[in-house]
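Trainee: below is the sequence, then the predicted model.
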Amino acid sequence: MNKAWWFWLLFSASLWAEQYRDPFQPPLTAVCADPAASPAGWRLKGIIGTPDLRYGWVITPQGQWLGLLPRQLVLDGDWQVMQIRPRQLEIVAQDRAEACRPRTGSVVLTLGKKP
């Protein structure tokens, strides 16, 4: 056999090995989000803008201020801002990984209301 054949055989074997899972190792699972990470403890502090585009200002329990836009993803993409009304902001849980338990529900923050 020539050198090119041995070279191809040597490197192609490592590529084939990547396709197969080790049967003695547990299967890989999706990394699911921490269910405790929720915007439920956030407080709505203000809303600015026009009916076409409103911004919501919230403060987290850790004291961090966040400016939110409609359709913005928050908390590593697990939640999405759905609506910003004159005195309310709605955030909905997103289902991202099929292997994780389905996340459903929403959090509605209202001006002047504590959680």
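Mentor: On my side now, so go ahead.

Trainee: now for the closest residue to L109 other than its chain neighbours, how many residues are close by?
Mentor: Using Cβ to Cβ, 6 or more residues apart in numbering and skipping the chain neighbours, the partner closest in space to L109 is L44 (3.9 Å). C-beta coordinates here come from the backbone N, C-alpha and C atoms, glycine included. By other Cβ atoms under 10 Å, the residues close to L44 number 21.

Trainee: surely L44 touches T110?
Mentor: Yes. The pair L44 / T110 is scored as a contact, 6.3 Å apart, by Cβ atoms under 8 Å.

Trainee: all strands of the protein, in order?
Mentor: 43-50, 53-59, 65-68, 73-74, 79-84, 88-93, 106-110 (DSSP state E).

Trainee: Throw these into CSV and include mean pLDDT and distance to D22, thanks.
Mentor: Shown next, in CSV, are those (pLDDT from 0 to 100; distance: least, Cβ to Cβ, whole Å):
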stretch, mean pLDDT, distance to D22
strand 43-50, 93, 49
strand 53-59, 93, 46
strand 65-68, 93, 43
strand 73-74, 90, 35
strand 79-84, 93, 36
strand 88-93, 92, 35
strand 106-110, 89, 41
